[in-house]
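**Q** Structure for the following, please:
(one chain, ligands or ions: 2)
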Amino acid sequence: MSKWIQYALVPLTALTNPFQLMWEGWSSSHQVDMPNMLCGPSNYTTEIVSLDPLAIYINGFMSSWEVAYLRDLAESQETFMHHEDKHPDDKNYASRRIASSCYLTMDDPVVQCIIQRSTDFVGFINHDGFEQLQVVKYRENERHDPHHDWFASPPKMASGLTCNRAASFFAYLGDDPEGGETCFHHLYPAPQDADPAKFSNINSDDGLGFATKPITGNAMFWMNLHANNTGDLRVQHSALPIRSGTKYGMNILLKRCF
Ligand SMILES: O=C(O)CCC(=O)C(=O)O
Ligand SMILES: [Fe+2]
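**A** Ligands and ions are numbered 1, 2, ... in the order given. A predicted model of the protein is given here:
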């Protein structure tokens, strides 16, 4: 196609872009500050915090506008409820999540935008879409005990395929509480020059592990499955109890069916 035809098509595609149409319909019914809201390129930066298993710390994965929007969206859902959950793999084990949570509707334009950004981030990683985004809220003393996000006995779908969680993002949606760090118990500790505002080490017997502090807009990404689709025990993690304040976060879970 000649360059000139391509240029001529740009305004046309902008007009017919389904996201834009959906956005325009939506924004006219909600009085929002549109320029800050568009699903433009995100200026996040990354730091590899573990090579094997792959784990990446993401600075500025979400804008403060997106964070505020997603929190409001979660708080407006009737399903945003407090509960104490056992891990699906081990209901007798004391591992628990004491928090409130809800799933977000997938047809929201900001949710779509975050899914698109996450899809771009995972690049060539073999996957089959994302689970519904899940917002989690912890109040004082609430926590999530050590667990892994993958299922030991993944559910079989009607199609006969088995789906598991190939990778996880956990994004921090505020309020920058005290406590509430996410601990990775079996990864190598943070080096001495790691930024103490973001990372701390944990006093484990084997010297392994580090924790990331909840900083609004930042996120952790890590792989859950080995190449043969079995779960990687090394990505066990937990959320330490909140000492003061409230913590919001969001699970963005990458599915793989096999
Ligand atoms: O709250 C956190 O820091 C981690 C949450 C988590 O691991 C989960 O919800 O599966
Ligand atoms: Fe988790």
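
**Q** Every contact and neighbour count from this point should use C-alpha atoms.
**A** OK.

**Q** got the residues of the protein near ligand 1?
**A** Residues of the chain found near ligand 1 (C-alpha under 6 Å from any ligand atom) are 149, 181-182, 238-239.

**Q** go again using 5 Å as the cut-off
**A** 182, 239 (C-alpha under 5 Å from any ligand atom).

**Q** in the chain, which spans are helices?
**A** Using DSSP state H, the helices found in the chain span residues 3-16, 18-29, 64-75, 109-122.

**Q** In terms of secondary structure, what does the last one contact?
**A** When contacts are defined as 3 or more C-alpha pairs under 8 Å, 6 or more residues apart in numbering; DSSP states H and E, helix 109-122 packs onto helix 18-29, helix 64-75.

**Q** list the helices and strands the last one packs on?
**A** Taking 3+ C-alpha pairs under 8 Å, 6+ apart as contact, the helices and strands that helix 64-75 lies on are helix 109-122.

**Q** Buried ones in the helix it packs on, by neighbour count?
**A** Neighbour-count burial for helix 109-122 flags 109-115, 117-119 (criterion: 16 or more other C-alpha atoms under 10 Å).

**Q** Neighbours of residue 227, how many?
**A** Residue 227: 11 surrounding residues under other C-alpha atoms under 10 Å.

**Q** Could you list the low-pLDDT ranges of the stretch 51-200 of the chain?
**A** Counting by pLDDT under 70, the stretch 51-200 of the chain contains low-confidence residues at 88, 90-95.

**Q** In it, what residue lies closest to ligand 1?
**A** Of all residues in the stretch 51-200 of the chain, residue 182 sits closest to ligand 1, at 3.9 Å by C-alpha to the nearest ligand atom.

**Q** Excluding chain neighbours, give the residue nearest to that residue in space.
**A** The spatial neighbour of residue 182 that comes closest, neighbours along the chain excluded (C-alpha to C-alpha, 6 or more residues apart in numbering), is residue 239 at 4.5 Å.

**Q** tally of neighbours for the one you found?
**A** Neighbours of residue 239 using other C-alpha under 10 Å come to 23.

**Q** Let me know whether it touches residue 172 as I believe.
**A** No. Here residue 239 does not reach residue 172: they are 11.8 Å apart, not a contact under C-alpha atoms under 8 Å.

**Q** I'd say residue 174 and residue 250 touch.
**A** No. Using C-alpha under 8 Å, residue 174 is not in contact with residue 250, being 10.3 Å away.

**Q** for the closest residue to residue 248 other than its chain neighbours, what are its contacts?
**A** Distances taken as C-alpha to C-alpha, 6+ apart place residue 137 nearest to residue 248, at 4.4 Å, with adjacent residues excluded. By C-alpha atoms under 8 Å, 6 or more residues apart in numbering, residue 137 lies in contact with 99-101, 246-249.

**Q** between those residues, which is closest to residue 226?
**A** Sorting the contacts of residue 137 by distance to residue 226 puts residue 249 at the head of the list, at 25.4 Å, by C-alpha to C-alpha.

**Q** Just give me the neighbour total for the residue nearest to the closest one when sequence neighbours are not counted.
**A** Residue nearest to residue 249 in three dimensions, not counting chain neighbours: residue 172, with 4.4 Å by C-alpha to C-alpha, 6+ apart. Here the number of neighbours of residue 172 (other C-alpha under 10 Å) works out to 26.

**Q** Test my guess that residue 172 contacts residue 252.
**A** No. Between residue 172 and residue 252 no contact is recorded; they are 11.3 Å apart, counting by C-alpha under 8 Å.

**Q** so what's residue 209 up against?
**A** 183-190, 201-202.

**Q** buried subset of the residues you listed?
**A** Counted by 16+ other C-alpha under 10 Å, the contacts of residue 209 give 183-190, 201-202 as buried.

**Q** Inside strands: which ones of those residues?
**A** Counting by DSSP state E, the part of the buried ones among the contacts of residue 209 found in strands is 183-184, 201.

**Q** ok, of these, which one's closest to residue 53?
**A** Proximity to residue 53 was ranked across these by C-alpha to C-alpha; first place goes to residue 184, at 11.2 Å.
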